[in-house]
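Peer 1: Just need the structure, nothing else, for what follows:
(chains A, B, C and D)
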Protein chains: 2
Amino acid sequence: MLNQTIDLDRTFQALADKSRRTMVERLTLGPASVTELAEPLAMSLAAVVQHVQVLEACGVVKTEKVGRTRMCRIEPAAMTAAEQWITDRRRGWEGRLDRLGDVLNEVATPEEKP
Amino acid sequence: MLNQTIDLDRTFQALADKSRRTMVERLTLGPASVTELAEPLAMSLAAVVQHVQVLEACGVVKTEKVGRTRMCRIEPAAMTAAEQWITDRRRGWEGRLDRLGDVLNEVATPEEKP
DNA sequence: CAAACACTTAAGTAAGTACTTGACTGTGGT
DNA sequence: ACCACAGTCAAGTACTTACTTAAGTGTTTG
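Peer 2: Okay, the predicted model is just below:
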């Protein structure tokens, strides 16, 4: 549970690439081999394997070798962690904006102090 | 609305750095100057300015010069876009897992076909 | 006015990223 | 047995990132 920082670094970094996001999108439809993941991408298979390794290193996908093919599937937990970080920050700024809204409302339509 | 791709690239990239996330966390508490953002970070002011530029380039923060200080505040939209991309994928895999669950349930306790 | 302050700009550097090509290793179908 | 398939490994290259230091600009403040 420690090294949350490194994992967030890695996860956001992994998602910061269109090709890898395309792979993740494909994997949300179900498991796929590396060659299947490579199909819509204009690059060598070796490059795709390297992208898979990045996604695996941050825990976003898990892979398993079946015969001569490597099957990849998505592992929700890591992505949820990234999502959660943003959601938590949002709570922060939404709270602030709500309070700011309250202040502005109060200025616009002043109420009696009890 | 186009170039969603570039912005997602940039936004995730921006969040893939602990120092920048620290700045964002600070900014969710309210606007701050560059020097205030620099305070908890062990690096030169010039480096902090560069981080601010990264956050500004992807639209996560907006800045404005007030006298000799540059005030920074968070701009929720860009971060929401990143959050939304993950949320959308989640809908994908949660749907799949639900359907998988249904299948497993059906195998465990088979029902009559109507 | 002079010094302190809050950046700003430019240039340089070390490390990391996203590829490539080419040679190689198990696996599977005929 | 043989050859094609699905990766794997290693090395090399162009580009980007995350800093640094040093010198400069415009703003307050005493």
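Peer 1: Chain A against chain B: which residues are in contact?
Peer 2: Residues of chain A found near chain B (Cβ under 8 Å from any Cβ of the partner chain) are A:5, A:8-13, A:15-18, A:21, A:24-25, A:27-30, A:74, A:76, A:79-80, A:82-83, A:85-87, A:89-90, A:92-94, A:96. Every residue, glycine included, has its C-beta placed from N, CA and C.
Peer 1: Quick check on these: which are buried?
Peer 2: A:8-13, A:15-17, A:21, A:24, A:27-28, A:74, A:76, A:79, A:82-83, A:85-86, A:89-90, A:92-93, A:96 (16 or more other Cβ atoms under 10 Å in any protein chain shown).
Peer 1: Can you read off the backbone torsions of the residue nearest in space to the middle of chain A?
Peer 2: Geometric centre of chain A, nearest residue: residue A:79, 4.1 Å, by Cα atoms, centre = their mean. Per-residue torsions, residue A:79: phi -70, psi -30 (degrees, to the nearest 10).
Peer 1: what's it in contact with, if anything?
Peer 2: By Cβ atoms under 8 Å, 6 or more residues apart in numbering or on different chains, the residues touching residue A:79 are A:11, A:15, A:24, A:60, B:86, B:89-90.
Peer 1: could those be laid out in TSV, adding secondary structure, distance to DNA strand D and pLDDT?
Peer 2: Formatted as TSV, the contacts of residue A:79 follow (DSSP: H, G, I helix; E, B strand; the rest coil; distance: Cβ to the nearest atom of the strand, whole Å; pLDDT from 0 to 100):
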residue	secondary structure	distance to DNA strand D	pLDDT
A:11	helix	14	97
A:15	helix	14	98
A:24	helix	17	98
A:60	coil	16	96
B:86	helix	20	97
B:89	helix	22	94
B:90	helix	25	92
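Peer 1: got the residues you listed as a markdown table, with distance to DNA strand C columns?
Peer 2: Below are these laid out as a markdown table (distance: Cβ to the nearest atom of the strand, whole Å):
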| residue | distance to DNA strand C |
| --- | --- |
| A:11 | 12 |
| A:15 | 10 |
| A:24 | 14 |
| A:60 | 13 |
| B:86 | 18 |
| B:89 | 18 |
| B:90 | 23 |
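Peer 1: Closest one of the residues you listed to residue A:42?
Peer 2: The shortest approach to residue A:42 among the contacts of residue A:79 belongs to residue A:24, at 17.8 Å (Cβ to Cβ).
Peer 1: ok, now how distant is whatever residue of chain A ends up closest to DNA strand C from residue A:7?
Peer 2: Minimum separation of chain A from DNA strand C (Cβ to the nearest atom of the strand) falls at residue A:67, amounting to 2.5 Å. Per Cβ to Cβ, to the nearest Å, residue A:67 is found 31 Å from residue A:7.
Peer 1: Done for today, thanks.
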